[in-house]
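Novice: My questions concern the predicted model and sequence given below.
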Amino acid sequence: MSGIHVIRHGRPASTWGGADDDPGLDATGLEQARAVAREIMGLSAAFRPSRVVSSPLRRCKETAAPLAEALGVEIEIDPRVGEIPTPRALTATERPDWLRKAFSGRWTEIAGDLDYAAWARGVTSAILDHDGAAVFSHFVALNAAVATATERDEVVVFRPDHCSRTLFRAEGGRLILIEKGREAQSQVL
């Protein structure tokens, strides 16, 4: 069985607080997307995903596109594996500071409009729904899945690099971490 491959999106064309609130990939990110598709297609058929699922954000859809094309499948969009929701009261320029503070704490300590520990469990539930798929998602969502699978409460439990692939399996309604993806050499913050 292929398990569940969760891939962080490739390098985006802009970062937090930029002019574009839904940037696509830059040239490096596009090459990263092609490279992770080649990596996955190089797996034996037993370990290769048969479906491609993506966050609705452009950087994830563009990262998922080469694999979907190689597999000959359509990209399935699932907003539950999308970016962490920003509190409504924050502006785009305030979001980076809010994220930095969130990254340094625990899921139960994040200030905002919703229960972020429940959001993290929801990401995990969504990933469980996609057994046998490659799921293209985000830094925080991937951390939510790893934290839940390893029963940790920290928001950042590892620093997945762009296009790193983390492998999980579903077992008895639980998400089991098999292998963390490659970690970033530079800080996200």
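Specialist: Done, it's in. Residues are numbered from 1 along each chain as shown.

Novice: surely K61 meets I75?
Specialist: Yes: assessed by C-beta atoms under 8 Å, K61 is found in contact with I75 at 6.1 Å. Where you see a C-beta, it was placed from the backbone N, CA and C, and this is true even at glycine.

Novice: Which neighbours do those two have in common?
Specialist: The contact sets of K61 and I75 overlap at S54 (C-beta atoms under 8 Å, 6 or more residues apart in numbering).

Novice: and A27, how many neighbours?
Specialist: 10 (other C-beta atoms under 10 Å).

Novice: Tell me who's in contact with G112.
Specialist: 85-87, 98.

Novice: Next, the buried residues of the lowest-mean-pLDDT helix or strand in the chain.
Specialist: Scoring the helices and strands of the chain by mean pLDDT, DSSP states H and E places helix 95-103 at the bottom, with a mean of 91. Counting neighbours by 16 or more other C-beta atoms under 10 Å, one finds that the buried residues in helix 95-103 are 95, 98-99, 102-103.

Novice: and if you look at stretch 120-135?
Specialist: 120-124, 126-128, 130-131, 133-135.

Novice: Could you turn the buried ones of the contacts of G112 into a PyMOL selection?
Specialist: Restricted to buried positions by 16+ other C-beta under 10 Å, the PyMOL selection for these reads:
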select buried, resi 86+98
